[in-house]
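K.L.:
pasting the structure only:
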């Protein structure tokens with residue numbers, strides 16, 4: 001029963017993402033792509049829509065259902081045409097997907113730290129409040145911008161939460177498998193490409209962005225248009241900012257062929273990523289404001305400890321106090337100096353995170369002087 005229902009939902013999700021992908025290509029007047037790539041672009045487009053819904057605090061189950069229905073309607077209007085893969089490849093994909101459903105949906109164990117504190121909580125909060133935005137003390141906005149939580153929300157909103165890993169572990173895997181068939185026309189090499197997806201280390205006890213992120217990376221290799229690449233870049237970073245490493249490497253290869261193309265791609269990525277950044281902007285700005293207050297207080301503590309050290313040094317020289325008092329004062333002064341440096345580091349980290357999230361950068365000449373940071 002679970003296998004049949006899962007296969008049906010894979011078909012529904014494929015239609016939804018294909019519809020949005022086809023609409024994106026048509027909107028930007030781009031040439032139609034093969035259906036696996038269109039599905040990947042559709043997932044990235046839905047992630048962009050998720051950023052808008054979370055920014056406007058409208059990411060409730062009703063909105064998710066509307067997104068799904070519109071995507072399916074768009075798919076039928078686009079007249080999806082599926083290229084039938086060779087029998088052996090189709091069987092291989094079916095075996096891998098069915099085996100994954102049978103053994104991992106739902107998993108028998110979860111990561112007590114990441115899953116229960118993060119990956120379960122984020123989509124639940126979103127479908128209840130309309131946004132993933134939350135406490136500045138959570139990892140949301142730093143370790144992830146919320147794209148995977150939005151995709152997981154399609155499961156959480158309508159199905160038991162134990163099936164939350166179905167988005168990445170099942171559909172994400174399926175998307176990787178069908179994308180792998182597009183890298184070559186040789187039948188044997190297609191089998192090799194599909195089989196190589198199995199080498200991706202599955203997170204058996206972690207509901208994480210693994211296969212969905214891998215699918216975005218695979219799609220990047222097959223796309224040349226700047227806007228489409230920017231959409232994929234944005235979705236990948238919104239899923240997990242650490243994937244920006246792959247974006248940077250790919251962008252460098254584009255820059256090697258032409259700076260203008262790289263700039264256009266970067267601007268497109270910044271535009272498509274902006275809704276997710278704006279969702280968490282209050283927390284980014286709050287962190288900078290809080291750290292600025294801490295820095296002022298710590299600087300006062302440093303000045304006070306330096307005065308105390310000078311006082312005890314003079315008293316020791318005058319024979320009033322022992323040298324132990326001087327050592328204690330030196331210890332306090334050193335601790336305050338180290339705390340001051342740590343706050344300075346945290347302020348710089350917060351500034352870097354904000355600028356990275358905004359898609360900006362700097363040159364060395366534009367960095368603030370040390371005196372202005374104190």
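P.N.:
Structure received. Quick caveat, the model's predicted, so the values are computed rather than measured. Numbering: from 1, shown residues only.
K.L.:
outline the domain layout of the protein.
P.N.:
For the chain, the structural domains run 2-280, 281-373, going by automatic domain parsing.
K.L.:
from the contact counts, what lies against the longest helix along the chain?
P.N.:
When the chain is parsed with DSSP state H, its longest helix is helix 259-317. Packing partners of helix 259-317 (3 or more CB pairs under 8 Å, 6 or more residues apart in numbering; DSSP states H and E): helix 35-55, helix 226-239, helix 244-257, helix 323-357. All C-beta spots, glycine's among them, are computed from the backbone N, C-alpha and C.
K.L.:
got the contact list for residue 25?
P.N.:
With contact set as CB atoms under 8 Å, 6 or more residues apart in numbering, residue 25 has these partners: 31, 32, 33, 38, 41, 228.
K.L.:
out of these, which is nearest to residue 164?
P.N.:
Distance to residue 164 across the contacts of residue 25 (CB to CB) is lowest for residue 41, with 24.2 Å.
K.L.:
distance of the closest one from residue 234?
P.N.:
12 Å (CB to CB, to the nearest Å).
K.L.:
before we move on, what about residue 334?
P.N.:
45 Å.
K.L.:
neighbour count for those two, which is higher?
P.N.:
Of the pair residue 334 and residue 234, residue 234 is the one with more neighbours under other CB atoms under 10 Å, namely 29 against 12.
K.L.:
so the more buried one touches residue 275, yeah?
P.N.:
No: using CB atoms under 8 Å as the test, residue 234 is too far from residue 275 to be in contact (9.1 Å).
K.L.:
now do the shared contacts for the two.
P.N.:
Common neighbours of residue 234 and residue 275, using CB under 8 Å, 6+ apart, are residue 48.
K.L.:
how far off centre is stretch 16-23?
P.N.:
Put simply, stretch 16-23 sits 21 Å off its chain's centre (CA atoms, centre = their mean, to the nearest Å).
K.L.:
mind listing what's buried in stretch 211-221?
P.N.:
211, 212, 213, 214, 215, 216, 217, 218, 219, 220 (16 or more other CB atoms under 10 Å).
K.L.:
dump these to CSV, plus pLDDT and secondary structure.
P.N.:
Putting the buried residues of stretch 211-221 into CSV (pLDDT from 0 to 100; DSSP: H, G, I helix; E, B strand; the rest coil) gives the following:
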residue, pLDDT, secondary structure
211, 88, helix
212, 90, helix
213, 89, helix
214, 89, helix
215, 90, helix
216, 92, helix
217, 91, helix
218, 89, helix
219, 91, helix
220, 90, helix
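K.L.:
and which of those is nearest to residue 65?
P.N.:
residue 212 (20.5 Å).
K.L.:
returning to what we had before: and the helices and strands packed on helix 259-317, which is most packed in?
P.N.:
helix 226-239 (a mean of 28; mean count of other CB atoms under 10 Å).
K.L.:
what is that one packed up against?
P.N.:
Using 3+ CB pairs under 8 Å, 6+ apart, helix 226-239 is in contact with helix 2-27, helix 35-55, helix 147-156, helix 211-220, helix 244-257, helix 259-317.
K.L.:
wait, which of those helices is closest to residue 69?
P.N.:
Using CB to CB, the nearest of the helices and strands packed on helix 226-239 to residue 69 is helix 2-27, at 8.3 Å.
K.L.:
give the buried residues for that closest one.
P.N.:
6-7, 9-10, 13-25.
K.L.:
how much space separates residue 299 from residue 342?
P.N.:
13 Å.
K.L.:
now residue 280
P.N.:
23 Å.
K.L.:
burial measure for residue 311, as a count.
P.N.:
Going by other CB under 10 Å, the residues that sit close to residue 311 add up to 14.
K.L.:
what's near enough to touch it?
P.N.:
Counting by CB under 8 Å, 6+ apart, residue 311 has contacts residue 329.
K.L.:
how close does it sit to residue 337?
P.N.:
Counting by CB to CB, the gap from residue 311 to residue 337 is 17 Å.
K.L.:
and what of residue 312?
P.N.:
16 Å.
K.L.:
next one: residue 271
P.N.:
Residue 271 sits 43 Å away from residue 337, going by CB to CB.
K.L.:
and if you look at residue 200?
P.N.:
46 Å.
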